[in-house]
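Provided below are the primary sequence and the corresponding predicted coordinates.
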Amino acid sequence: MLLMLALVSALNTAPAADSIPGTWEITGDVAGNPVKATCVIKQAATALTGNCSMAGSNQAFPLTGEAKDGKIRFQYEIDYQGQPLTIVYSGALEAAQLKGNIEVKPMGATGTFTAVPAAKKP
């Protein structure tokens with residue numbers, strides 16, 4: 001009986017396999033520059049799609065990516081002062097947060113990020 005309760009408890013606290021889809025508030029840092037974005041992520045099998053917008057912008061950038069073997073990787077392209085940049089996020093779901101690394105291509109700048117589910121609006 002005790003073993004059964006332990007198993008049920010472990011299953012209830014494990015993150016659901018489909019817990020990546022949703023709206024995520026991303027904060028991070030790339031080479032001393034703060035990163036703040038909101039991403040709406042959809043998942044079909046291992047493929048991730050959706051869009052991201054940077055803080056203070058109404059423009060949404062389409063994202064593509066993959067969730068596989070407990071890891072996530074997604075990216076979107078932006079135009080920064082006339083230069084196309086690809087923002088790549090890679091990491092994992094840890095305790096209801098996405099955590100990992102950011103890479104800005106082709107600049108090669110790197111940093112880290114944390115994403116939490118966005119608060120539901122009333």
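Thanks, I have the structure now.

how about the secondary structure of the residue lying closest to residue 47 once chain neighbours are set aside?
Excluding the flanking residues, the one nearest residue 47 by CB to CB, 6 or more residues apart in numbering is residue 66, at 6.3 Å. (Glycine included, C-beta is placed from N, CA and C.) Assigned by DSSP: H, G, I helix; E, B strand; the rest coil, the conformation of residue 66 is strand.

how about residue 66, what does it touch?
Going by CB atoms under 8 Å, 6 or more residues apart in numbering, residue 66 touches 46-48, 72-74.

among those residues, which ones are buried?
48, 72-74 (16 or more other CB atoms under 10 Å).

partner residues bridging the residue nearest to residue 47?
On the basis of DSSP bridges, residue 66 takes part in beta bridges with residue 47, residue 73.

pLDDT score for it?
Predicted confidence (pLDDT) for residue 66: 97.

show me where this structure has helices.
Remark: helices assigned in the chain by DSSP state H are 2-13.
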